[in-house]
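*Asks:* Need a 3D model of the sequence below.
(chains A, B, C, D, E and F)
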Protein chains: 6
Amino acid sequence: MEDAVTLLLVEDEPLLQNIMVAGLEDAGFRVVTAADGATASKSFHANADEIAALITDVRLGAGLDGWEVARRARQMRPELPVVYMTGDSAADWAAKGVPKSVLLQKPFAIQQAVIAVATLLNEASSTITHNS
Amino acid sequence: MEDAVTLLLVEDEPLLQNIMVAGLEDAGFRVVTAADGATASKSFHANADEIAALITDVRLGAGLDGWEVARRARQMRPELPVVYMTGDSAADWAAKGVPKSVLLQKPFAIQQAVIAVATLLNEASSTITHNS
Amino acid sequence: MEDAVTLLLVEDEPLLQNIMVAGLEDAGFRVVTAADGATASKSFHANADEIAALITDVRLGAGLDGWEVARRARQMRPELPVVYMTGDSAADWAAKGVPKSVLLQKPFAIQQAVIAVATLLNEASSTITHNS
Amino acid sequence: MEDAVTLLLVEDEPLLQNIMVAGLEDAGFRVVTAADGATASKSFHANADEIAALITDVRLGAGLDGWEVARRARQMRPELPVVYMTGDSAADWAAKGVPKSVLLQKPFAIQQAVIAVATLLNEASSTITHNS
Amino acid sequence: MEDAVTLLLVEDEPLLQNIMVAGLEDAGFRVVTAADGATASKSFHANADEIAALITDVRLGAGLDGWEVARRARQMRPELPVVYMTGDSAADWAAKGVPKSVLLQKPFAIQQAVIAVATLLNEASSTITHNS
Amino acid sequence: MEDAVTLLLVEDEPLLQNIMVAGLEDAGFRVVTAADGATASKSFHANADEIAALITDVRLGAGLDGWEVARRARQMRPELPVVYMTGDSAADWAAKGVPKSVLLQKPFAIQQAVIAVATLLNEASSTITHNS
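*Replies:* Numbering: from 1, shown residues only, chains lettered A, B, ... in the order given. Just a heads-up that it's a prediction; the model follows:
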């Protein structure tokens, strides 16, 4: 626990990004941020080994949306925990989300996001995997 | 997240009500309270669209108990997350509780209540539902 | 139960298609088949109200693959149970699958497919949804 | 396994009752039947120790409905697996069902009922309980 | 599906072994049997790559019991689905069982065993694992 | 909630023990600590009725390791929630862990530990058990 667990947070609204960073850091996570899909994907590629989970808004202005950011991240790291945040795209999750992801519908309490990501991380570390 | 997520907390012991309100507000929720079953049901009817989850003590003095408050709320809002708190009625949950509810046996740590309600809210928003 | 529950099975290998149809019919399901992605999508559009679940091979020769067939079906029917069958594409499920789907890795026993689809159908009918 | 696992099936339509008995017996269960709620409750009281699970139609003509049969059975045997069958009362499950029950919406394949009851029985026997 | 899924069944009562083999083969599985713990462990070591799941009685006469057979198998193959069968040792599962295993308490219907093993196999193939 | 929920934390690194105690107490739990396996087992025996859950490091210097501490505790209290913490022994969990336990892989955020133990406690109190 000397080392922190690093999360990639992708959110284009600065105010919401600040609130989320504060809440996630209070919970003991280190947070790397991106404000658009292209930056998020670049950041993920550069630090894929270090990033333990992805929390992404679905709508991200021009360019890649959150669905696509998650798909690309999962192609590199199939076991990556993914949490989507959305105000109006919840109905698309069934077709565009990735398996074993969580969707948070806005508005949500900050602790819901902390609990969503922590629960996925705990399940991932309690998963029995093949010997290699 | 400008808007808060509102919980209805039904608890007749003032001290416990205060502790719960403080803990749930710290977690980022807005809390509406009631101290008996009739007030709770009235409050739920008046604000059904706004209330995201119900946390109710089972024993509530005279009148409706927590089992009945939850049943009435679920009749109006079938998808409502429900958390029961009880000291001595846990054995009745199997017969009197509603499906997909959580029971907290007293004593419990305040974070158990936060996590119970947040987990149910996250599962509800990650549920695939029919197009309408 | 006078009416049968109808499944859409998408499989391009005739032998495997026959075995699957026999097993699923033995379990009490009615089975509609398609041997490629385009036919599957057309069949789904024509009978969307009648089809209770989708079981699809991932590789389907030229045209749409199983990942895409499932995404299109989920766009019309977000709550549709989806089971994928694959010999060599299991690693792609994390990025290309839809939420709450099941992946069967070949070889599998026919009862595994019956149990996968029945379990998803049972969970879907035991899901609490909004009043409408 | 010399002894059989006994299920109580409550169904007032003789045709459906026959189909269900045949399917459940094929799966290796022993089936006790009742065609109305009062008989079901009496039968349960007389054989509570022997009955491993309850499968009940919701609508049962005059007298007790399936919701009430399940509540009474759970009061005697809190851990009893409960499966409801219904054509048009699915929306009431959220308010009238018991915790950890399964709802089967008609029409369903007979194997869905077998899998629902077997899954609940397996979960019950894999539950860690207090020493006594 | 040309290839069968192979299960290792460890059971020292010949009658029960026969019934189980018949039921599992009917469901489409290939079954390898052992009647004591030492033979089971040897058989598992010799065919570890081929065996998809372990179903073991807990009491196995002299020598290794089912708890130990499962622990040794999991040391070689951490992701192996494990189902225990027991008449009187259910209370020990909490201390002696392995994670994500299922316990079947005798008597059980043969379909319960089929469903237990198929469900574990389906969950294992729907588990997101690290790229290698 | 006048009474606190007591956790037994077994951790031999003083710094990590301090961080964990602070985080768990902030969440509302009372924490009893032990720095080695023998002390942990003695403490558990002396206070078994009072301890609601066990959080244990896997490596504990000389003597009993965390796997053995958990097995002994579960023999006395089969329903006890168990959380393991480990830096390098995650691969052994599949063979040496107990059923329904959670494994936290270091590094982890303190809230992951709070959420792991609270989730297990909530599930335990929402478990339907036999009348006695």
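*Asks:* Same question for stretch A:115-124: list its buried residues.
*Replies:* By neighbour count on 16 or more other C-beta atoms under 10 Å in any protein chain shown, the buried set for stretch A:115-124 is A:115-122, A:124. Glycine gets a C-beta too; all of them are placed from N, C-alpha and C.
*Asks:* Now the two most distant members of those.
*Replies:* Longest distance between any two of these is 14.8 Å, between A:I115 and A:A124; criterion C-beta to C-beta.
*Asks:* For the longest helix seen in chain A, list the C-alpha coordinates in PDB.
*Replies:* Looking across chain A with DSSP state H, the single longest helix is helix A:110-125. What follows is helix A:110-125, C-alpha atoms only, in PDB (Å, rounded to 0.1, in the frame of the first residue of the first chain):
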ATOM      1  CA  ILE A 110     -19.600  10.300  -5.200                       C
ATOM      2  CA  GLN A 111     -19.500   7.200  -3.000                       C
ATOM      3  CA  GLN A 112     -21.400   5.300  -5.600                       C
ATOM      4  CA  ALA A 113     -18.500   5.800  -8.000                       C
ATOM      5  CA  VAL A 114     -16.000   4.800  -5.300                       C
ATOM      6  CA  ILE A 115     -18.000   1.700  -4.500                       C
ATOM      7  CA  ALA A 116     -18.400   0.800  -8.200                       C
ATOM      8  CA  VAL A 117     -14.700   0.900  -9.000                       C
ATOM      9  CA  ALA A 118     -13.600  -0.700  -5.700                       C
ATOM     10  CA  THR A 119     -16.100  -3.600  -6.100                       C
ATOM     11  CA  LEU A 120     -14.900  -4.300  -9.600                       C
ATOM     12  CA  LEU A 121     -11.300  -4.200  -8.400                       C
ATOM     13  CA  ASN A 122     -12.100  -6.600  -5.500                       C
ATOM     14  CA  GLU A 123     -13.900  -9.000  -7.900                       C
ATOM     15  CA  ALA A 124     -11.000  -8.900 -10.300                       C
ATOM     16  CA  SER A 125      -8.400  -9.700  -7.600                       C
END
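*Asks:* How far does that helix sit from its chain's centre?
*Replies:* Computed by C-alpha atoms, centre = their mean, to the nearest Å, the chain-centroid distance of helix A:110-125 equals 10 Å.
*Asks:* ditto for stretch A:74-91
*Replies:* Centroid separation between stretch A:74-91 and its chain, computed with C-alpha atoms, centre = their mean, is 6 Å.
*Asks:* Let me see the mean pLDDT of it.
*Replies:* Stretch A:74-91 carries an average pLDDT of 94.
*Asks:* Get me the contact residues on chain A for chain B.
*Replies:* A:16, A:19, A:23, A:90-91, A:93-94, A:101-112, A:115-116, A:119 (C-beta under 8 Å from any C-beta of the partner chain).
*Asks:* want to try CSV for the buried residues of stretch A:115-124, with distance to chain F and pLDDT as columns?
*Replies:* As requested, those are exported to CSV (distance: C-beta to the nearest C-beta, whole Å; pLDDT from 0 to 100):
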residue, distance to chain F, pLDDT
A:I115, 6, 98
A:A116, 10, 98
A:V117, 9, 98
A:A118, 5, 98
A:T119, 6, 97
A:L120, 10, 97
A:L121, 6, 97
A:N122, 5, 97
A:A124, 9, 93
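*Asks:* Looking at those residues, which is nearest F:D3?
*Replies:* A:I115 (24.8 Å).
*Asks:* Name the nearest residue to the closest one, ignoring sequence neighbours.
*Replies:* Once flanking residues are discounted, A:I115 sits nearest to B:A118: 4.5 Å by C-beta to C-beta, 6 or more residues apart in numbering or on different chains.
*Asks:* Please name the residues that touch the closest residue in space to A:N122 that isn't next to it in sequence.
*Replies:* Nearest residue to A:N122, sequence neighbours excluded (C-beta to C-beta, 6+ apart): F:A116, at 5.1 Å. For F:A116, the contact set (C-beta atoms under 8 Å, 6 or more residues apart in numbering or on different chains) comprises A:118, A:122, F:83, F:102, F:104.
*Asks:* just those now: which is nearest B:T6?
*Replies:* Comparing the contacts of F:A116 against B:T6 with C-beta to C-beta places A:A118 closest, at 23.5 Å.
*Asks:* For the residue in chain A positioned nearest to chain F, the count of nearby residues, please.
*Replies:* Nearest residue of chain A to chain F (C-beta to the nearest C-beta) works out as A:G28 at 3.3 Å. Using other C-beta atoms under 10 Å in any protein chain shown, A:G28 has 21 neighbouring residues.
*Asks:* gap between it and E:A38?
*Replies:* Separation of A:G28 from E:A38 (C-beta to C-beta, to the nearest Å): 48 Å.
*Asks:* Local confidence estimate at the residue of chain A closest to chain F?
*Replies:* Value for A:G28, per-residue pLDDT: 95.
*Asks:* No more questions from me, cheers.
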